[in-house]
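> Here's a sequence, model it:
(chains A and B)
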Amino acid sequence: MSIRLSIRHIEPPNKVMKEQRIERGTPSVGDLRKRPRPREAAIQSFLFLCGFLSIFITFGIIYELGKESLLFFGQTQWSSTNKPLAAAISADQTVIEVGTQGTPLQEGTLYRIEEEIVFLESTDGEMITVQRGVEGSQAALHSEGLTLQAALQPDLVEFFTGTEWAPHNGKFGILPLLTATLIVSGIAIVVAVPLGMATAVYLSEYATQRARNTLKPILEILAGVPTVVYGFFALTFMTPLLRSILGAEVVGIYNMASAGIVIGILILPFVSTVSEDALNAVPRSLREAAYGLGATRLETAVRVIVPAAFSGIAAAIILAASRAIGETMIVAIASGAGPNFTFNPFEAAETMTGHIVRISGGDLSFNSVDYNSIFAVGLMLFIMTLVLNIFSQRIVRRFREIYE
Amino acid sequence: MTVQRRRRDFVENEQQLAGRHTRGRIWLSIFQISTLIGVIILMVLLLTIINNSIGYSAVQDEVDPESLAVGGVPLEELPKETLVQILRENVSAGLFARFEHDQPVAERSAAEIYDLIQEYVISPEVIESWSLFDSLIRRDEILAIMQSQYPQAELQFISWLNWDFVRSQQSSHPEIAGVRTAIFGSLWTISITILFALPVGVAAAVYLQEYAQDTFINRIIQTNINNLAGVPSIIYGILGLAIFVRAFGYFTSGIYFGAADPSTANGRTILSAGLTLGVLVLPLIIINAQEAIKAVPNSLREASLALGGTRWETVWNHVLPNSLPGILTGSILAVSRALGETAPLVVIGASTFIQVDPQGPFSKFTTLPSQIYQWTVRPQGVFHNVAAAASLVLLVLLLALNASAILLRNRYSRRL
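Okay, the predicted model is just below:
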């Protein structure tokens, strides 16, 4: 070993390979040019393509999510106004009498009666004047009691500010899904970060080698348990536990708190392992310097080592948050079905991921508004996690302390 | 003066020091407790699953088997002809015709007829089930409930995880539902995932470690792979739904290969599921394989190149064989992730109720995790017991995979 080290001339392989000119066989004298090697070139191209496939995957994700989301925002949806026709109408009648019930009609918008689309020109009490058979639809006979449906176009402002999500009824506000996602991941972070950090500090600064060797695999098992099993755990253990502590009238059968706590348990090993790696990367000299100045073990760990490993720990926490946001099965099982705009963690509410699973769980037909809506929600989710991931990489690069 | 101050400082210091050490001890116990919480949670998780998979059940028969006994001879000991007679009398003509259609009754053995009578005539049904914990602690209460509420029913101590459970098919009756279809579905899906993701992933890793120069495009590829590893799995499910199920449905449904009936087939098949999971684990396999290749010392490459090996010969004969244990370990971990993955499969599979074992890549599928999900979300409590038993099967499978990864790592982890 030592002999080899002394004679070894270390150079990066690429450079070595670029410089190698020795060919196999016996080259004829005078012809020392590099020969074309079709097989090598073909192999290299194939390997490059395999690497490049990842770019295709990314583009595939962005293209599909973007395309279907655009369809979602470009489509007209119909929602019932509950306003019935007061009498049967013929195909060429333009002044129509409607009932008093239902939501008031808006002048200058499109309505639908059965398959026919009409344009509302003016209203006068219960009498309305319409343009029949617009937008390529056929004017037709309609019987008494049929209700008018209002045209609805999902737009970005409503998407981000609306507090109701029911795409097939023309309610396109993503806020209920978003707040549920944020509450659940917030609870998860509150559970996972203190526990994970404490575990990381204990394992890296206090634990003996033997304790570490037993504890780390156990934490890794925790990370390897399938999320659907965690979902089962949330539903059959965590929820009953919360209900028995806080009272069954406070905590629902399905609630965000138990899903959040169990997601916290799921990302706990993630926080602790990555943070521990960051703590271990802090050089010994810093510890020794702190001890030399009379610091106790706790002071060394909390005031010297943790700040020195800040970038790694911050990255770990952000990545854990991104994982919590994207976690699906636990919320799908334990946090309830149906969007609900609430800030009470003990109520049931559907997160973005839970919504996607529930909607696609039935036999979803392509080109329905539900099908397009899962892509809009998915795009939102993708952007959120991507931003968090990029942010964490930035932090690592920006605040990395380099020790030589 | 100075001496006094020094003494005062010293005393304060002493007191401070004691306080600092006390704080240190308090925090140490906080750290220890936090670490222990992780271990405790794991135990509680396992106990919850075991707790739900074993326990007392109130089983009620639709027809009392003793009323079927002919001439005082118990049902088990009756000859086949009598059993067939009993079966014919107690099920509808249509159902009997279906049995005849599946396999002529004349060809069936007495034991098989007895099983049919058990399932369709006696039809034992679990009315209520208790967890293992309740069964042990509250036995008297359970007996009291049995007497007051279910006087007809029989109390049985059931382990939901048993050989029949592993062997039998999915069913809408929790008592006889099993995971065979789901296990086969999982194995088929995982095979396709491995066939797709392992070669492509290792090739990409070889390219990035051994060939790629530090150019713009290669940096983009590397960053992109790191980012893909952080994309939530459900996004891959949506991608699979849009691309494999819908856009390439003609191929993934098997219509193109003549393997499926064009009028009924759609792209929600094992092939789509396997490819989706393949795309999902690809970044993980690439990153793990890169680490393994990085660990091969440069001296090996240089020696091969110096002897006149080309770059590919160096990779094929030296780099890959030396990094193989690392690559396999990483890949097994990635595959075990795919095996436990549920969300993308629910999205692309539309979670259908499937009772037939998969016949090939173009079959409709259910997998073990999707099956657990299906059972967990059912309102009937008895299905929770079945879900717990299926969870145990899944955990055992995953444990076997992970153990093989660790064995592999220990066996070949001689340092180069």
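
> can you map out the helices along the stretch 251-400 of chain A?
Secondary structure of the stretch 251-400 of chain A by DSSP state H, counting those that start in this stretch: the helices cover A:256-280, A:284-292, A:297-299, A:306-308, A:310-326, A:329-334, A:352-361, A:369-399.

> Most tightly packed of the ones you listed?
Greatest average neighbour count among the helices of the stretch 251-400 of chain A goes to helix A:329-334 (a mean of 31), per mean count of other C-beta atoms under 10 Å in any protein chain shown. No exception for glycine: its C-beta is placed from N, CA and C like everyone else's.

> so does that one get close to chain B?
Yes. Counting by C-beta under 8 Å from any C-beta of the partner chain, chain B has neighbours in helix A:329-334: A:329, A:332-333.

> For the stretch 301-404 of chain A, which residues are neighbours of chain B?
So far as C-beta under 8 Å from any C-beta goes, the stretch 301-404 of chain A lies against chain B at A:302, A:319, A:322-323, A:325-329, A:332-333, A:353, A:356-357, A:360-364, A:366, A:374-375, A:378, A:381-382, A:385-386, A:388-390, A:393.

> Domain map for chain B?
B:54-159, B:180-412 (automatic domain parsing).

> Any chance of CSV for those domains, columns mean neighbour count?
Formatted as CSV, the domains of chain B follow (neighbours: other C-beta atoms under 10 Å in any protein chain shown):
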stretch, mean neighbour count
domain B:54-159, 15
domain B:180-412, 21
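
> Lowest average pLDDT across these?
In terms of average pLDDT, domain B:54-159 trails the rest of the domains of chain B, at a mean of 77.

> Does that domain reach chain A?
No. Applying C-beta under 8 Å from any C-beta, one finds domain B:54-159 separated from chain A by no less than 8.8 Å.

> Return the residues of the stretch 301-416 of chain B in contact with chain A.
So the stretch 301-416 of chain B meets chain A at B:301-302, B:305-306, B:308, B:310-312, B:336-337, B:339-343, B:346-348, B:350-352, B:369, B:372-373, B:376-377, B:384, B:387-388, B:391, B:394-395, B:398, B:402 (C-beta under 8 Å from any C-beta).

> wait, what's in contact with residue B:312?
The contact partners of residue B:312, by C-beta atoms under 8 Å, 6 or more residues apart in numbering or on different chains, come to A:39-40, A:43-44.

> Now for these, which sits with the most neighbours around it?
Ranked by neighbour count (other C-beta atoms under 10 Å in any protein chain shown), the contacts of residue B:312 have residue A:43 at the top, with 20 neighbours.

> which residues does that one contact?
Residues in contact with residue A:43 (C-beta under 8 Å, 6+ apart) are residue B:312.

> before we move on, the earlier item: turn the helices of the stretch 251-400 of chain A into a markdown table, including mean pLDDT.
Below are these laid out as a markdown table (pLDDT from 0 to 100):
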| stretch | mean pLDDT |
| --- | --- |
| helix A:256-280 | 92 |
| helix A:284-292 | 92 |
| helix A:297-299 | 91 |
| helix A:306-308 | 91 |
| helix A:310-326 | 91 |
| helix A:329-334 | 92 |
| helix A:352-361 | 88 |
| helix A:369-399 | 87 |
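
> Now do the strands in chain A.
Under the criterion DSSP state E, chain A carries strands at the ranges A:77-84, A:95-97, A:110-113, A:116-124, A:127-131, A:147-152, A:165-166, A:171-172.

> err, chain B, not the other one
With DSSP E as the criterion, chain B has strands spanning B:54-60, B:125-129, B:154-159.

> picking that back up, tabulate the helices of the stretch 251-400 of chain A (a markdown table), appending distance to residue B:406.
Listed next are the helices of the stretch 251-400 of chain A as a markdown table, based on distance: least, C-beta to C-beta, whole Å:
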| stretch | distance to residue B:406 |
| --- | --- |
| helix A:256-280 | 16 |
| helix A:284-292 | 29 |
| helix A:297-299 | 32 |
| helix A:306-308 | 31 |
| helix A:310-326 | 24 |
| helix A:329-334 | 26 |
| helix A:352-361 | 32 |
| helix A:369-399 | 29 |
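
> So what touches stretch A:157-173?
With C-beta under 8 Å, 6+ apart as the criterion, stretch A:157-173 contacts A:72-73, A:77-80, A:150, A:152, A:154-155, A:174-177, A:339, A:341, A:355, A:369-370, A:372-373, A:376.

> Disregarding residues adjacent in the polypeptide, which is nearest to residue 398?
I went with chain A, as the question did not name one. When the adjacent residues along the chain are set aside, residue A:398 lies closest to residue A:311, with 7.4 Å between them (C-beta to C-beta, 6 or more residues apart in numbering or on different chains).

> my bad, the chain I had in mind was chain B
Using C-beta to C-beta, 6+ apart, the closest residue to residue B:398 is residue B:336 (5.3 Å).

> if we can go back for a sec, for the domains of chain B, give me CSV that also has distance to residue A:49.
Converted to CSV, the domains of chain B look like this (distance: least, C-beta to C-beta, whole Å):
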stretch, distance to residue A:49
domain B:54-159, 50
domain B:180-412, 8
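
> Of those domains, which is nearest residue A:293?
Evaluated over the domains of chain B, closeness to residue A:293 peaks at domain B:180-412, with 37.7 Å, by C-beta to C-beta.

> Kindly tell me how buried residue A:230 is, as a neighbour count.
Using other C-beta under 10 Å: residue A:230 sits among 23 other residues.

> if I pick it, what's in contact with it?
A:262-263, A:265-266, A:329-330, B:45.

> Distance to residue B:159 for these - can I get that in CSV?
Shown next, in CSV, are the contacts of residue A:230 (distance: C-beta to C-beta, whole Å):
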residue, distance to residue B:159
A:262, 26
A:263, 31
A:265, 27
A:266, 28
A:329, 26
A:330, 27
B:45, 19
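
> That concludes my questions; thank you for your assistance.
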